[in-house]
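Peer 1: sequence and predicted structure are below.
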Amino acid sequence: MKLGSNPAFKEGLQIYLVEGKAFGAFFYLLSLLGLVQFAILFLPSLDPQGWMGSAYLFRMSAVAALMLVVYFVLRLAGQEYAPWKFLTLRRWLQQEGLTVPALAAAHVSLLLVYASALVLLSGPLLIWAGAISRADGFAILSTILLLFSYAVIYGFWGIVALAAWDQRLEAKQVFVRCVFGILVFISALVYLPLNPIAFLLSYLEQTELPPAFFFGLRFSGATVHAMFHVAVLAAAVAAYAWTLKRRSTL
Amino acid sequence: MSFGSRTAVRLFLFVICSTLLAPAGLPAKITIDADVGFAGLFQLGQPFPLRVNLVNTGTPMDGTVEVQVWKGGPARGVQLYPFLYKREVFLSAQARRSVDFTVDPDFISRPLLVTFSGPGGSATKEIDLRRHFSPASLILLVSGGGGSPALPSGPGPILHVSLGELPANPRAFRGVWAIVFYDQPLRDLSRSQMAALEAWLGSGGRMVVLGGLHYAALQDPDWARFLPVEVSGLRRTKAPARLEQKYGGKIGAPEIYLQAAKVVSGAAVLEESGSPIVVEAQRGKGRIRYVAADLGRPPLSQWAGLPGFFSDLVGAPPERDLSGEAAWNDAVFNLILYSPVFLGSYAPAMLFLAAVVFYLLALGLLAWLLIERGLAPRLFFYAVFVFVASAAVAGYVQFHVSGKIPNAVVFSSTVLDALPDGSAESQSNVALFSTRRRAYDLRLESGWTDFEIVPSRPDKKKAEAVTMRELGLSSALHFLLKEWDYRLFKIRGIDRFPLRTELHEGRDQISLRVTNQSSKDLEECWVLLSGRRFPLGDLPAGASHERSFSIDGEGRARKAQLGEVSFKDKVREMLLRASIFAEPQGKYDGSLVFLGWVRDAKTRVSVPETGVLALNYTLFRMTIPLQSEEEL
């Protein structure tokens, strides 16, 4: 089935982007990001010995954008906004005759659309911050690509929640927030290179994250970070596939 | 011609050509030798001259002489970083050339490295500075044709140097206590050496001129710039009894030769029968002493009182007076950095806020058109995409390319402290602040006598190397700055700023007349007197201002206080309180302090690149000690 004729994909686009049910998420993203950026520029004396708003604007904006984009993509992918407007998975699979691969394709495609929309809309604010901070073009572009990657990898857990709990909104909300908290914050307490904020800052500040040693082999912090995120995505894909398959057999 | 003869001729020509052309084909061979300090000695912790002698035994070549020393280190509280001095030189074939540097290492446990590198070859020499330092400052003895006098040792190491060995950079004299001239004309001194000597003297140097039998040496016109006397000849006179009384010992002859001299500036400190024996004159912060007697020859060279007399002549070792020095460090610069005037130059907060609001409103309008006005979804997505892309590009151009954020800001805060002879000691505190990662050339105009890189905060990462290049009369510091980073410098020198004051002190009133004889206007002038502040307004070039102040006896001794001294420009206020008068200013107690900001003052530093904002603040300060109640 072509994506353009996939009813689940069309439903997601219609409800969130044409009827505008996702616009609230976009509005919050841009308002919060703009507010954080203005505060960074306007309150330059948080630390009179070292704080320089313009200098840190791009780094801090990138961190704020990372948290906001990941949070909202998890919620959008899990269909937390206007959940009553979406058909249930059971209905798609059993009454509408949609196959599991077609439904999965719709979910993954919608995730990519939401992640692209969030990154695209926050792009100008990040580019302006980069211009003020005098960050080079490559750093700005690579930061935007990194944000998109994190949005997709972490957002996949949003569709895992959707597949697992579908219309049980509270369960999805708890799961999505737990995933967000663990991956974005608690990972830093376990081992710093696992954390996306630490990695983003070390990348922008051109510093090295602490390396890890497994079986006598040395792995750089960046390698550990990349391996961990491949594992997070693989785990999400596996969990999603298993859950969706289980739903189709019920 | 037979084959054998032809071969012999060819062989002969080959040998001749090979011999003639051989030097051109030989690679350049460079050997390096260096003379450290004055006669191999320098004072620890002070800059010193370094003469690099290059010998080229090969072909002519262009190249660069590079001297590397180490700055920073544990004593400075920062990591070690290399400091390089560079000079381009041309070496002729089979020639010898000397290149002079003034080097200032902070750390001498690592060797000083001299390198010559050019297209034809290179050479390196390491010098262990630990074998050349003296903990005490040095006394230099420059003696002319009459031989070297046997001066008593004691106050410090006395080093015999020739006139040609005197450096052409006033900074190289920083470790010198005094220079003693004996029978030495100055006509062989180059203009730059003369200027360096004058600058060193003006900034606190001490010069002692011993009058020998060859009095014509001091009739040299070049001496007229320094000497407080006019030497006319020799005269035989009775051995001065006052010298014997003061310093003990018996001068072993009833009569001695003295130079016949007339005081033209300064004052006679010691006289005998109306003839000056010791004359002293101030030159800026420095002092010159002329002695009419020949201390290098008998009978005075054998006089038992000579060590005491000589100690008095050179005085105590010079100490740097830091009591009036403006504070300059990370804390002070950060205060300025965050001031609204400075902040506005690199943080476009309001413009950014306006752009964000406009961006949100425009997106909101498109969303409203889609939901409420039934805009076609396809058209909506195109419009959003085009708008977001345009906003990103337009904002980038505005904030990065055509925005007002400068690439760098050169900030200079100078205090001109008036000296009695119309000159002023200039202390310039300089910061180069960069918003981009790039290398800068900070130009230092000629005339500075001292230069210092202020150590950065210990938490700052590794300091980058600094290279100093000599560019004719000016010098340039080359260093890399990261984005949003800065480096602080202190530059000292002597400038002309004649400002005449006439002070009439009564028991309960003081009247002051100030005449600005300089070519620069003074604005927002204040007088600090007996704990009170008086605004004087502007004082244009050539103008005078007269004012009377009431004062009581107790008030004379009161501390100078800035109190509500205010200026239109808040950076001036900040500089006055946080930097210029930051240290306890005990030296101004019981004095009248006149302050005024110099309009359009020229600065000693510049960065010859586009997009560099220059901010310059120059304060003129004159301190006039008041008489005490008892003295009146």
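Peer 2: Received the coordinates, thanks.
Peer 1: run through the stretch 451-600 of chain B and note the low-pLDDT ranges.
Peer 2: B:457-463, B:472-473, B:552-563, B:583-587 (pLDDT under 70).
Peer 1: what's the burial count for the residue in it that chain A sits nearest to?
Peer 2: Nearest residue of the stretch 451-600 of chain B to chain A (CB to the nearest CB) works out as residue B:484 at 3.2 Å. C-betas here are computed from N, CA, C, even on glycine. By the criterion of other CB atoms under 10 Å in any protein chain shown, residue B:484 has 20 neighbours.
Peer 1: do residue B:608 as well
Peer 2: When neighbours are counted by other CB under 10 Å, residue B:608 registers 10.
Peer 1: likewise for residue B:571?
Peer 2: The number of residues packed near residue B:571 is 18, by other CB under 10 Å.
Peer 1: what's downstream of the helix or strand that contains it, the next helix or strand?
Peer 2: Using DSSP states H and E, residue B:571 maps to helix B:570-575. As assigned by DSSP H and E, the chain's next helix or strand after helix B:570-575 is strand B:591-598.
Peer 1: run the chain-centre distance for that following strand.
Peer 2: From the chain centre to the centre of strand B:591-598 is a distance of 23 Å (CA atoms, centre = their mean, to the nearest Å).
Peer 1: and it, which strands flank it?
Peer 2: strand B:522-529 (antiparallel), strand B:612-625 (antiparallel) (DSSP bridges).
Peer 1: nearest to residue B:505, out of those?
Peer 2: For these, proximity to residue B:505 was assessed by CB to CB; strand B:612-625 is nearest, at 9.7 Å.
Peer 1: flag every buried residue along that closest one.
Peer 2: For strand B:612-625, a neighbour-count test (16 or more other CB atoms under 10 Å in any protein chain shown) marks B:612, B:613, B:615, B:616, B:617, B:618, B:619, B:620, B:621, B:622, B:623, B:624 as buried.
Peer 1: likewise for stretch B:212-223?
Peer 2: Neighbour counts over stretch B:212-223 (16+ other CB under 10 Å) mark B:212, B:214, B:215, B:217, B:218, B:220, B:223 as buried.
Peer 1: ok, and what's touching that stretch?
Peer 2: B:144-146, B:149, B:182-187, B:189, B:194, B:209, B:211, B:227, B:231, B:233-234, B:257, B:259-260, B:294, B:296-297 (CB atoms under 8 Å, 6 or more residues apart in numbering or on different chains).
Peer 1: can I get the buried part of those residues as one PyMOL selection?
Peer 2: Buried members of these can be picked out in PyMOL with the line below, counting by 16+ other CB under 10 Å:
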select buried, chain B and resi 144+146+149+182+183+184+185+186+189+194+209+211+227+231+234+257+259+260+294+296+297
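Peer 1: what about residue 170, how many residues nearby?
Peer 2: You didn't pick a chain, so chain A it is. Residue A:170, neighbours per other CB under 10 Å, totals 8.
Peer 1: please refer instead to chain B.
Peer 2: Neighbourhood size, residue B:170 [other CB under 10 Å]: 27.
Peer 1: quick one, what contacts it?
Peer 2: Counting by CB under 8 Å, 6+ apart, residue B:170 makes contact with B:195, B:196, B:197, B:199, B:200, B:203, B:448, B:449, B:450.
Peer 1: for the fourth one, pull up the helix or strand it's in.
Peer 2: Secondary-structure assignment from DSSP H and E places residue B:199 in helix B:191-202.
Peer 1: where does chain A have low pLDDT?
Peer 2: For chain A (pLDDT under 70), the answer is A:1, A:44-52, A:250.
Peer 1: tell me where it has helices.
Peer 2: A:7-13, A:23-42, A:53-77, A:89-90, A:100-133, A:137-165, A:169-181, A:187-190, A:196-205, A:221-249 (DSSP state H).
Peer 1: please identify the most buried of those.
Peer 2: Burial of those is given as mean neighbour count (mean count of other CB atoms under 10 Å in any protein chain shown); helix A:53-77 ranks first at a mean of 24.
Peer 1: helices or strands up against the helix holding residue B:571?
Peer 2: With contacts taken as 3 or more CB pairs under 8 Å, 6 or more residues apart in numbering or on different chains; DSSP states H and E, helix B:570-575 sits against helix B:330-337, helix B:340-343, strand B:612-625.
Peer 1: which stretch in those is the model least sure about?
Peer 2: Lowest mean pLDDT within the helices and strands packed on helix B:570-575: helix B:340-343, at a mean of 66.
Peer 1: residue B:260 belongs to a strand?
Peer 2: Yes. Read with DSSP: H, G, I helix; E, B strand; the rest coil, residue B:260 is one of the residues of a strand.
Peer 1: tell me who's in contact with it.
Peer 2: B:215, B:231, B:232, B:233, B:234, B:235, B:275, B:292.
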